[in-house]
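> What would the 3D arrangement of this be:
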Amino acid sequence: MYLLCYGRSDKADNTIRNVLSGSGGRRIGSTEIFASDLASPGNDPVCLVLVLPLEAACGIVSRNLSSELSSVPVICVSPEGKFAAALRYGSAAPAEVTAAVNSIAWSLGSSCFTDFGSIADIAKDLSVVTESMPMRISDKARYDKINSHIRNGGRVSVYSDLPVSFEEPVLDQMVFELHRYTQEMHEDFIQRYTELDSSEEGNPAVFITCRKLPEGGAGRVLVLTPKLVCLGIELKSKADPGYAADTVKTSLENHLIDPAAVSVVAVSQSARDSEAVRAVSEMLEVPVVFYEGKELANVRLPLKMTFAPERESDTATSAAFLASSGGKILFRRSGGASGIIFSAALRKGNISMTD
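As a prediction, the model looks like this:
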């Protein structure tokens, strides 16, 4: 790792000389530290070493560095050479930055200490989010491995097309590198999943989504499927239970929704004992909730049916909308001639990674 050292005092000058005598690198000035790019003479990864009081170094990292330098790891060394500690790992592996810190400490002598804690001392692992709501875990062994990685100070890349939030964004995003996708970016989302799941390089990757993803490979991707989809069902005629369950499963997947993301089947009071409804709930392994006809009729949906714009509501969509607490309607009145009509809505609210 190529060290780019910055300091301002006489004490810092002497410390920088000692650091560079034991490690590869050079001294830089203020014009370089606030530039948009820092590079080494060769292809070695660079590390910014701030030979400053800890408060000053933290101030530079938190307020002044350009977005282009967000991937560059940063080490703080006290001007008198009494401590060295990683302030930010950037895109580098924690072990690589730790090795650089230890090399600097060795150059400065036995009086230099390095133990300021690590990401492991602020990290909350994935059990926080998986225990906060019902959620399918694609691979338990991989889940345990990633949790161990987090507890040991490693970083994790999170990819989601759902609203994800953090309890302490500044601290938590030192652990979780969040990549957000909109519902309209389906192809990009799938492409990224496919790329990452075919590779073992880089940080572990976690996808949090209700989408139906391709079958997983042998890569490093873990998929968490929160049960956030509410399915509203309306019976138009007598439906064969097995056929109804197959139709619902197929339609969900055709709408790019993983059946494992369904949390509840919602129906009118008159349909709650239907064999077809029971078959769907058993296939999805979710409970059935029901609403009175008057309650369903009073629902005012946020969008109109393009094929029947004069209708303000319908049983299937109203049931899904109520069960989702007024969430986003994903699709409306699927099922066709199967005798069972169904709509889907996504529950309101954020997924908190660390709350």
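> so how far is stretch 98-115 from its chain's centroid?
34 Å (C-alpha atoms, centre = their mean, to the nearest Å).
> was I right about Gly29 contacting Gly7?
No - contact criterion C-beta atoms under 8 Å: Gly29 and Gly7 do not qualify, at 10.2 Å. In short, each C-beta sits where N, CA and C put it, glycine included.
> Out of those two, name the residue with the larger neighbour count.
When neighbours are counted by other C-beta atoms under 10 Å, Gly29 and Gly7 differ, and Gly7 comes out ahead with 20 against 9.
> ok, now how distant is that one from Ser78?
Note on Gly7: its distance to Ser78, by C-beta to C-beta, to the nearest Å, is 10 Å.
> Please identify every residue contacting each of the two.
Thr15, Val51 (C-beta atoms under 8 Å, 6 or more residues apart in numbering).
> Would you map the strands across the stretch 51-200 of the chain?
Ranges of strands in the stretch 51-200 of the chain, per DSSP state E, counting those that start in this stretch, are 74-77, 84-88, 135-137, 156-160, 164-165, 176-180.
> likewise the stretch 251-355 of the chain?
Using DSSP E, counting those that start in this stretch, the strands of the stretch 251-355 of the chain run over residues 262-268, 288-291, 328-334, 340-346, 351-352.
> Which one of those lies nearest to Gly202?
strand 351-352 (23.1 Å; C-beta to C-beta).
> Which other helices and strands does that closest one contact?
Packing partners of strand 351-352 (3 or more C-beta pairs under 8 Å, 6 or more residues apart in numbering; DSSP states H and E): helix 127-132, strand 164-165.
> redo that, cut-off 7 Å
Counting contacts by 3 or more C-beta pairs under 7 Å, 6 or more residues apart in numbering; DSSP states H and E, strand 351-352 is packed against helix 127-132.
> How far does the helix it packs on sit from its chain's centre?
13 Å.
> So which residue is smack in the middle of this structure?
Val158 (3.0 Å; C-alpha atoms, centre = their mean).
> ok, what's across the strand from that one?
Note on Val158: beta-bridge partners Leu178, Val206, judged by DSSP bridges.
> That one and Leu213, how far apart?
15 Å.
> Show me which positions of stretch 23-35 end up buried.
When burial is assessed from 16 or more other C-beta atoms under 10 Å, stretch 23-35 yields the following buried residues: Ser23, Gly25, Arg27, Ile28, Ile33.
> who touches it?
For stretch 23-35, the surrounding residues in contact (C-beta atoms under 7 Å, 6 or more residues apart in numbering) are Tyr2, Leu3, Leu4, Cys5, Tyr6, Ile16, Leu20, Leu38, Asn64, Ser103, Ile104, Ser107.
> What about the residues you listed, which one has the most neighbours?
Using other C-beta under 10 Å as the neighbour criterion, Ile104 leads these with 29 neighbours.
> Just give the number of residues close to the nearest residue to that one once chain neighbours are set aside.
Residue nearest to Ile104 in three dimensions, not counting chain neighbours: Ala84, with 4.6 Å by C-beta to C-beta, 6 or more residues apart in numbering. Residues lying near Ala84 (other C-beta under 10 Å) number 26.
> Repeat that for Asp188.
Residues lying near Asp188 (other C-beta under 10 Å) number 12.
> ok, it - contacts?
Contacts of Asp188 by C-beta under 7 Å, 6+ apart are Tyr181.
> at 10 Å what do you get?
Shown in contact with Asp188 (C-beta atoms under 10 Å, 6 or more residues apart in numbering): Asp161, Tyr181, Thr182.
> Equivalent analysis for Ala276, please.
By C-beta under 10 Å, 6+ apart, the contact set of Ala276 is 233, 235, 238-245, 247-248, 267, 338-340.
> how near is it to Asp240?
7 Å.
> and what of Leu330?
25 Å.
> Also Glu184?
From Glu184 over to Asp240 the distance is 36 Å, taken as C-beta to C-beta.
> More neighbours: these two, which one.
Asp240 (15 against 9).
> What separation is there between the nearest residue in space to Leu296 that is not next to it in sequence and Gln183?
In this structure, Leu296 finds its nearest non-sequential neighbour in Ser318, 4.4 Å apart by C-beta to C-beta, 6+ apart. Distance, Ser318 to Gln183, by C-beta to C-beta: 22 Å.
> Please say which of those two ends up with more neighbours.
Taking neighbours as other C-beta under 10 Å, Ser318 and Gln183 compare with Ser318 leading, 25 against 13.
> and the more buried one, what does it touch?
232, 234, 266, 268, 291, 295-301, 312, 343, 345.
> ditto for Gly42
Tyr2, Gly24.
> Quick one: neighbours of Gly202, just the number.
12.
> Does it touch Ala93 like I think?
Yes - Gly202 lies in contact with Ala93 (C-beta atoms under 10 Å); the separation is 8.9 Å.
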